[in-house]
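Asks: here you go, sequence then predicted model.
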Amino acid sequence: MPFAVEGGNMLGNSSPASFTTIKDSETIPPLEIGEPVLNSQASHADALITVTPPLSSFHYHLGKPWRLPYYEQAIHQVSRTFIYSFTWEDPEVDMKYLDLGPEDSMLVITSAGGNALHYAIAAHAKRIHCVDMNPCQGHLLELKLAAVQTLEYEDFFSMFGNGHHPKFHALLDSKIAPLLSSIAYQFWHINDDAFFKAFYLKGYSGWALRLARIVFSIAGVSKDVEALCNAGSIAQQKQIWREKPRPALLNSIVIALLKSPIFCWNALGVPLNQRRMVSDEGSMYEFIRDALNPSPSTYSFKDGAYFYPLDVIGHFLGTTRHPPAQNI
């Protein structure tokens with residue numbers, strides 16, 4: 001496969017073929033500075049030189065050739081870290097309406113990689129191509145793929161389920177590194193504190209989770225939020241949501257922040273054009289209300305909709321029916 005020069009980050013199922021190297025047996029003309037010392041016929045003969053650039057760091061990682069190399073450009077340097085530490089969209093909806101199966105090839109936005117892993121496990125898709133304008137999202141998906149291959153369940157769920165692992169740096173160097181590209185390893189080596197305390201509060205989307213925590217704390221409903229995520233029935237969920245978390249979350253300050261294009265982009269990853277689409281359909285308050293209200297009365301946060309607890313308490317529940325590699 002060719003280099004992904006324009007595409008940014010891409011994940012594929014095979015590494016690019018190595019460039020042709022110059023063999024010692026090939027004729028290479030002597031380097032001449034000033035008058036030639038030897039006046040041989042061979043030194044003046046025409047020779048074809050095959051000039052090849054050095055291999056990129058992507059060509060030297062071992063094991064699984066998941067990722068295609070890319071040349072770093074100015075647009076890649078804009079993103080200092082990942083936006084999404086988790087994927088917002090529900091992959092079950094895609095599975096239901098797209099009828100995905102083993103013969104399907106998919107092109108998906110990388111995001112945090114959770115949905116791509118879901119499609120791989122649930123649909124056994126033939127091939128999944130993940131692309132993202134932010135290379136750091138590819139670093140995160142690489143980390144998840146390598147962790148799935150190398151870590152025990154407890155270590156994996158500690159990292160991506162609970163969002164922290166006190167020995168991440170040791171795991172990175174001793175187990176995960178051989179399956180990472182050089183650039184992904186360098187990123188996680190520099191950011192090895194990401195799993196020190198609360199991974200899902202990292203990245204730009206972490207600011208949205210921080211805001212939710214602050215709002216719930218000020219309103220005094222943090223325990224009610226925990227109860228919401230551990231409710232035994234949808235009816236109980238609905239009651240708890242309407243009485244406590246809903247009034248706290250749908251307040252004027254939160255709505256004002258959601259109206260800000262700066263907050264929408266930096267905390268939620270919502271570009272300006274997408275935000276305009278929301279505004280064209282009504283007010284931001286109406287959008288948030290209509291998006292959040294049906295959820296507690298439709299999905300079980302404890303046993304089904306695993307991403308809702310993450311949004312409000314900052315980590316996945318260990319009781320979820322989904323395998324951790326599939327939903328995180």
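Replies: That came through, no problem.
Asks: wait, Asp155 touches Ser174, no?
Replies: No - the pair Asp155 / Ser174 is not scored as a contact, 11.2 Å apart, by Cβ atoms under 8 Å. For every residue, glycine as well, the C-beta is placed using N, CA and C.
Asks: these two: who's more crowded?
Replies: Of the pair Asp155 and Ser174, Asp155 is the one with more neighbours under other Cβ atoms under 10 Å, namely 17 against 11.
Asks: can you confirm the more buried one is in a strand?
Replies: No - secondary structure of Asp155, determined by DSSP: H, G, I helix; E, B strand; the rest coil: helix, with no strand assignment.
Asks: which pLDDT value does the model give it?
Replies: We have a pLDDT of 96 for Asp155.
Asks: for it, give its distance to Asn266.
Replies: To Asn266, Asp155 is 31 Å away according to Cβ to Cβ, to the nearest Å.
Asks: swap in Thr298?
Replies: The spacing between Thr298 and Asn266, counted by Cβ to Cβ, is 30 Å.
Asks: which one's more surrounded, the two?
Replies: Neighbours per residue (other Cβ under 10 Å) separate Thr298 from Asn266, with Asn266 holding more: 15 against 12.
Asks: tell me which stretches of the stretch 201-328 of the chain form helices.
Replies: 206-219, 222-229, 234-243, 245-249, 252-258, 261-268, 272-280, 284-292, 307-313, 324-327 (DSSP state H, counting those that start in this stretch).
Asks: between those, which gets nearest to Thr87?
Replies: helix 307-313 (7.4 Å; Cβ to Cβ).
Asks: one step back: let's have the helices of the stretch 201-328 of the chain in TSV, adding mean pLDDT.
Replies: TSV is the format used below for the helices of the stretch 201-328 of the chain (pLDDT from 0 to 100):
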stretch	mean pLDDT
helix 206-219	90
helix 222-229	91
helix 234-243	92
helix 245-249	90
helix 252-258	86
helix 261-268	81
helix 272-280	84
helix 284-292	83
helix 307-313	80
helix 324-327	48
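Asks: all strands for the stretch 51-200 of the chain, in order.
Replies: 67-68, 105-109, 127-132 (DSSP state E, counting those that start in this stretch).
Asks: list the buried residues in the last one.
Replies: Applying a neighbour-count criterion of 16 or more other Cβ atoms under 10 Å, one finds 128-132 buried in strand 127-132.
Asks: alright, I will stop here.
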